[in-house]
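**Student:** no sequence for this one, just the structure:
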């Protein structure tokens, strides 16, 4: 897979699920004539966290690579995958018919000795991709939060250690920024200031922070509230930053 792919965690029927989606497909699908959605499914043995074992993951990745190469040769697109409940489902948009797809999947299953299920449906408007695989704005926000927290953890951060979590929000005018600043103060944020538009920044940028540990449940709650209020006032939330607090040895 290339760098256009992004991932997020969600729930399907109350069970954890991991969705990978081809973000680049959002830019090109509507320009293509690929009216059929092909789903290919393979099972795996779940580990306690619901994910495939390392051995199964290697097997599934080899399968994906094989499928992607063949679908690409048919001018199709691999647009997403869902991993949940012991099943990995791969989604492809293709122009070929059901019989050609069945023959292809049957040959791959025999060659790789992997039982595969498949389903094809008409989806000329790409509703499954845009409606189910492409994340909502809220899911994208949580993805960004978890990516930033994971980067801190990878650097050896003690995530339980409180520190200033610095936020920024952009607004079209000063009145919006001041209204948001009032909301921020009432919700225990410290407002650091408002930067006026400049040569490289056409917006009013409000900078504010709160001292807290960068734990997922805290960060996600804060960024959800900030995003909602910034949007209500006509602005946009630009994200957060925190300096690492590396646990001391001994």
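**Tutor:** Nice, I can see it. Note that the structure is predicted; figures quoted are calculated from it, not measured. Numbering: from 1, shown residues only.
**Student:** beta partners for residue 237?
**Tutor:** Bridge pairing for residue 237 (DSSP bridges) gives the partners residue 169.
**Student:** tally of neighbours for it?
**Tutor:** Close neighbours of residue 237, defined as other CB atoms under 10 Å, add up to 21. C-beta coordinates here come from the backbone N, C-alpha and C atoms, glycine included.
**Student:** tell me the contacts of it?
**Tutor:** By CB atoms under 8 Å, 6 or more residues apart in numbering, residue 237 lies in contact with 141, 167, 168, 169, 223, 226, 227, 230, 231.
**Student:** emit the PyMOL select command for whichever of the residues you listed are buried.
**Tutor:** Selection of buried members from the contacts of residue 237 for PyMOL, criterion 16 or more other CB atoms under 10 Å:
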select buried, resi 141+167+168+169+223+226+227+230
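**Student:** redo the contacts of residue 237 as TSV? Include secondary structure and pLDDT.
**Tutor:** Output for the contacts of residue 237, formatted as TSV (DSSP: H, G, I helix; E, B strand; the rest coil; pLDDT from 0 to 100):
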residue	secondary structure	pLDDT
141	helix	91
167	strand	98
168	strand	98
169	strand	98
223	helix	97
226	helix	98
227	helix	97
230	helix	97
231	helix	96
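**Student:** which of the contacts of residue 237 sits closest to residue 199?
**Tutor:** Taking CB to CB as the measure, residue 199 lies nearest residue 168 of the contacts of residue 237, at 18.2 Å.
**Student:** so what's the closest one up against?
**Tutor:** 205, 206, 207, 208, 237, 238, 239, 240.
**Student:** show me where the protein has its strands.
**Tutor:** 5-12, 15-22, 36-43, 77-84, 87-94, 117-122, 163-171, 190-195, 204-212, 236-241 (DSSP state E).
**Student:** dump those to JSON lines, plus distance to residue 107.
**Tutor:** Conversion of the strands of the chain to JSON lines gives the following (distance: least, CB to CB, whole Å):
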{"stretch": "strand 5-12", "distance to residue 107": "26"}
{"stretch": "strand 15-22", "distance to residue 107": "24"}
{"stretch": "strand 36-43", "distance to residue 107": "13"}
{"stretch": "strand 77-84", "distance to residue 107": "18"}
{"stretch": "strand 87-94", "distance to residue 107": "15"}
{"stretch": "strand 117-122", "distance to residue 107": "12"}
{"stretch": "strand 163-171", "distance to residue 107": "53"}
{"stretch": "strand 190-195", "distance to residue 107": "60"}
{"stretch": "strand 204-212", "distance to residue 107": "55"}
{"stretch": "strand 236-241", "distance to residue 107": "47"}
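**Student:** quick one, what contacts the nearest residue to residue 82 once chain neighbours are set aside?
**Tutor:** Distances taken as CB to CB, 6 or more residues apart in numbering put residue 89 closest to residue 82, at 4.8 Å, once the chain neighbours are dropped. Neighbouring residues of residue 89 by CB under 8 Å, 6+ apart: 39, 40, 41, 81, 82, 83.
**Student:** which of these has the most neighbours?
**Tutor:** In the contacts of residue 89, the most neighbours by other CB under 10 Å go to residue 40, 25 neighbours.
**Student:** ok, the residue nearest to that residue when sequence neighbours are not counted - how many residues close by?
**Tutor:** Leaving aside its sequence neighbours, residue 40 sits nearest to residue 90 (CB to CB, 6+ apart; 4.8 Å). Counted by other CB under 10 Å, the residues lying close to residue 90 total 24.
**Student:** separation between residue 90 and residue 157?
**Tutor:** 35 Å (CB to CB, to the nearest Å).
**Student:** please consider this matter closed, and thank you.
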